[in-house]
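**Q** Only the shape, not the letters, is given here:
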Ligand SMILES: [Zn+2]
């Protein structure tokens with residue numbers, strides 16, 4: 001599988017991008033953790049892109065990665081920044097459309 005590392009724009013933490021089964025790229029913490037799937041307080045993404053709810057356990061049956069959003073100390077800022085990016089993109093699209101007509 002391909003490991004695609006990135007850096008969180010909000011906190012500077014190293015992240016691992018994992019493509020989930022539904023085609024979304026999910027930023028995860030690069031440390032793999034063992035967990036027991038089948039419901040639990042946390043969401044894990046396995047290396048092959050399966051998203052599972054589960055519970056962290058040292059002797060868990062599955063290895064996965066925790067979503068960086070769940071642990072980012074700057075998660076609020078990250079979300080805000082994402083909205084700004086979205087806004088910028090819309091504005092750009094608007095400009096492009098104006099230029100073409
Ligand atoms: Zn972060």
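**A** Ah, there it is. Keep in mind that what you see is a predicted model, and the values were worked out from it rather than measured.

**Q** got the residues of the protein near the ion?
**A** Residues of the chain lying close to the ion by C-beta under 5 Å from the ion are 8, 10-11, 13, 72. (Glycine included, C-beta is placed from N, CA and C.)

**Q** From residue 38, how far off is residue 27?
**A** Using C-beta to C-beta, to the nearest Å, residue 27 is found at 24 Å from residue 38.

**Q** returning to that earlier point: just the buried subset of the residues of the chain next to the ion, please.
**A** 8, 10, 13, 72 (16 or more other C-beta atoms under 10 Å).

**Q** surely the last one meets residue 13?
**A** The one in question is residue 72. Yes - proximity of residue 72 to residue 13 meets the contact threshold set by C-beta atoms under 8 Å, at 7.0 Å.

**Q** hang on, the earlier thing: could you dump the buried ones among the residues of the chain next to the ion to JSON lines with pLDDT?
**A** Below are these laid out as JSON lines (pLDDT from 0 to 100):
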{"residue": "8", "pLDDT": "90"}
{"residue": "10", "pLDDT": "87"}
{"residue": "13", "pLDDT": "91"}
{"residue": "72", "pLDDT": "89"}
